[in-house]
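[1] okay, here's the prediction I keep looking at, along with the sequence it came from:
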Amino acid sequence: MDVFDFAIKMETDAEAYYKKLAEQTDLEGIRNIFLDLAADERKHFEIFKSMKAHGNIAATRDSEALNNAKNTFEMLLQTKPAVSGLKGNLDAYQHAMKMEAEAARAYEEAMIHETNPEVKKLLQRVIEEEQKHYNIIENLYDFVNAPNEYLAWGEFSNLEEFRNFGRDVDA
């Protein structure tokens, strides 16, 4: 199977999956997150389409390992997504990170079994694109979650204890 054809199909399915999640939620914030992710998958689709158009001879892009690889999003599209379990933006980002990690693992698994060094290079480029997408989602998650992780709240919660440190109270 052609590496770029597989990647293009995976991105198309991911876009459809995120749109399906967006349609099934009543929470506007989560809907917007999934619509943004769908738009990002469309951008990846365009990147892989461009890479395919400007790539080397088609014969060097064929991968036997991808014939056995699983398209994560294709399988998810056949089942009903569990959008009801997502309680807020953080859950939506965590779900998206899980999906992107699974997609990258599919390519990594194919790369392990691939024997053609040229195809391995192509798979590595695809993995790097998937990792960029994962990193973007992870950074968004960290940003949105920052108020929950803010250390100063814990540091300054016991100020009364520190009033007497370093001085004589009886004087």
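    Cool, got the structure.
[2] what about residue 29, neighbour count?
    Using other CB atoms under 10 Å, residue 29 is surrounded by 12 other residues. To be clear about C-beta, it is placed using only N, CA and C from the backbone, and glycine gets the same treatment.
[3] is it in a helix, a strand, or coil?
    Three-state assignment for residue 29 (DSSP: H, G, I helix; E, B strand; the rest coil): helix.
[4] what distance do you get for it to residue 91?
    11 Å (CB to CB, to the nearest Å).
[5] which residues are in contact with both of the two?
    Listed as contacting both residue 29 and residue 91 by CB atoms under 8 Å, 6 or more residues apart in numbering is no residue at all.
[6] for residue 140, list the residues it contacts.
    residue 93.
[7] tell me which residues of the helix or strand hosting it are tucked away?
    Applying DSSP states H and E as the criterion places residue 140 in helix 117-149. Neighbour-count burial for helix 117-149, counted by 16 or more other CB atoms under 10 Å, picks out 118-120, 122-123, 125-127, 129-131, 133-134, 137-138, 140-141, 144.
[8] likewise stretch 89-98?
    So for stretch 89-98, counting by 16+ other CB under 10 Å, buried means 89, 92-93, 95-97.
[9] kindly report the same for stretch 103-111.
    Buried positions in stretch 103-111, judged by neighbour count with 16+ other CB under 10 Å: 103-104, 106-111.
[10] who are the contact partners of the closest residue to residue 134 other than its chain neighbours?
    Spatial nearest neighbour of residue 134, excluding adjacent residues (CB to CB, 6 or more residues apart in numbering): residue 100 at 4.2 Å. By CB under 8 Å, 6+ apart, the residues touching residue 100 are 130, 133-134, 137.
[11] could you dump those to JSON lines with distance to residue 148 and pLDDT?
    Formatted as JSON lines, the contacts of residue 100 follow (distance: CB to CB, whole Å; pLDDT from 0 to 100):
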{"residue": "130", "distance to residue 148": "27", "pLDDT": "84"}
{"residue": "133", "distance to residue 148": "24", "pLDDT": "83"}
{"residue": "134", "distance to residue 148": "21", "pLDDT": "89"}
{"residue": "137", "distance to residue 148": "17", "pLDDT": "86"}
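[12] where does this protein have low pLDDT?
    Low-confidence segments of the chain (pLDDT under 70): 55-86, 150-171.
[13] what about the helices in it?
    3-24, 28-53, 72-78, 89-113, 117-149, 151-155, 159-162 (DSSP state H).
[14] got the CA positions of the first one in CSV?
    In CSV, the C-alpha atoms belonging to helix 3-24 read as follows (Å, rounded to 0.1, in the frame of the first residue of the first chain):
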residue,chain,number,x,y,z
VAL,A,3,2.3,5.4,2.3
PHE,A,4,0.7,8.6,1.3
ASP,A,5,-2.6,6.9,0.3
PHE,A,6,-2.8,5.4,3.8
ALA,A,7,-1.9,8.7,5.4
ILE,A,8,-4.5,10.6,3.3
LYS,A,9,-7.2,8.0,4.2
MET,A,10,-6.3,8.2,7.9
GLU,A,11,-6.6,12.0,7.8
THR,A,12,-9.9,11.9,6.0
ASP,A,13,-11.2,9.4,8.5
ALA,A,14,-9.9,11.5,11.4
GLU,A,15,-11.6,14.6,10.1
ALA,A,16,-14.9,12.7,9.7
TYR,A,17,-14.5,11.3,13.2
TYR,A,18,-13.9,14.7,14.8
LYS,A,19,-16.9,16.1,12.9
LYS,A,20,-19.0,13.3,14.1
LEU,A,21,-18.0,14.0,17.7
ALA,A,22,-18.8,17.7,17.2
GLU,A,23,-22.3,16.9,16.0
GLN,A,24,-23.0,14.7,18.9
